[in-house]
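just a sequence and a predicted model for now, questions to come.
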Amino acid sequence: MPSVHHGAMADQVSWGDAAQWYPDVVGYGAVHDAWQAEFSRLGSLFRARPKQPANPRTAAVSNGERNAYLILSARERKIILGLCLERSVMVSGYAPDVAVAADAAHEWLSGARPPVVAAAWPFLGSVALAAARERGDHREAKWLHLYENHRDDRIATRLHPFVALAFHEPRLRRLSPYTSLWTLRFSATATWPFTGSYPKVTPVATPGRYVVTTSDGRTHDETDAADTLRLVLAAL
């Protein structure tokens, strides 16, 4: 339970409209205080701190090159947990509460491998995705991130009917997918700078339909996911 000290801290920070989504956290004053209470429950020596000092909805904790962060959405109840190796996110997802976020973060900070953490807490994504990130396979990780869409990303959701087909096409799987302004693009390189002249796929207002633009600037009429895949493969 929050202490009087934590309650007093709540008057010193501004939650704005987000307070309605996190009554279990607001009483502590800031999410790093609530997270610290859970680490203490575990008997952990890890110490949570504000990730952004002026924002009570963010928190971070580190152990050497391993670190973890929490960000509470301001528009709905979403507790975003990310577990990182230096600056690279190994696994991330929406934790059901701060206590579960502390359990997963403690395991990660204590030395567990990404696939082990993902297996124990499925909200962080699949074991396959965690393994791809662990071995530095950026191309495979990007495909899995789009295909599985475990964080219900709006862009990935719009692209899913096409990606569900493209995921099984070897010629496309040799390329690295990335999104820009709702458009799906492909690159011969797995990381920035992206290179190569390849077709791009843009969702339209009607779900499951897309416009394909080829590298020479030709734009096809909108069509369904299966025909979009045919046009993309033909343009390769």
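Thanks, I have the structure now.

can you list the weak-confidence ranges in the chain?
Within the chain, the segments meeting pLDDT under 70 span 1-13.

got the domain boundaries for it?
Under the assignment automatic domain parsing, the domains of the chain span 4-133, 139-235.

quick check: which of the ones you listed is buried the most?
Ranked by mean neighbour count under mean count of other CB atoms under 10 Å, the domains of the chain are led by domain 4-133, which reaches a mean of 18. From N, CA and C alone the C-beta is placed, and that goes for glycine too.

work out which residue lies at the spatial centre of the chain.
residue 92 (5.1 Å; CA atoms, centre = their mean).

mind giving me the packing neighbours of the helix or strand hosting it?
In this structure, residue 92 sits in strand 88-95 according to DSSP states H and E. In terms of contacts (3 or more CB pairs under 8 Å, 6 or more residues apart in numbering; DSSP states H and E), strand 88-95 is packed against strand 79-85, helix 98-109, helix 114-120, helix 127-134.

quick one: the closest residue to residue 78 other than its chain neighbours from residue 105, how far?
Nearest in space to residue 78, with sequence neighbours left out and distances taken as CB to CB, 6 or more residues apart in numbering, is residue 94 at 5.3 Å. Relative to residue 105, residue 94 is positioned 14 Å away (CB to CB, to the nearest Å).

which residues of this protein fall in strands?
Assignment of strands within the chain using DSSP state E yields the ranges 58-63, 66-72, 79-85, 88-95, 176-180, 183-187, 200-203, 209-213, 223-224.

which elements pack onto the first one?
The helices and strands touching strand 58-63, judged by 3+ CB pairs under 8 Å, 6+ apart, are helix 31-41, strand 66-72, helix 98-109.

check the offset of that strand from the chain's centre.
Remark: strand 58-63 is offset 17 Å from the chain centroid, using CA atoms, centre = their mean, to the nearest Å.

got the angle for that strand vs helix 31-41?
Angle, strand 58-63 to helix 31-41, by axes from the mean of the first three to the mean of the last three CA atoms, to 10 degrees: 40 degrees.

so what touches strand 58-63?
30-32, 35, 39, 46-52, 67-72, 105, 109-110 (CB atoms under 8 Å, 6 or more residues apart in numbering).

re the thing from before, what's the closest of the helices and strands packed on strand 58-63 to residue 180?
In terms of CB to CB, the element of these nearest to residue 180 is strand 66-72, at 22.9 Å.

and that closest one, which strands flank it?
If you go by DSSP bridges, strand 66-72 pairs up with strand 58-63 (antiparallel), strand 79-85 (antiparallel).

ok, and what's touching the longest one?
Identification of contacts with strand 79-85 by CB under 8 Å, 6+ apart yields 65-73, 89-98, 101, 104-105, 108, 114, 117, 124.

rerun at 7 Å
65-73, 89-95, 97-98, 101, 104-105, 108, 117 (CB atoms under 7 Å, 6 or more residues apart in numbering).
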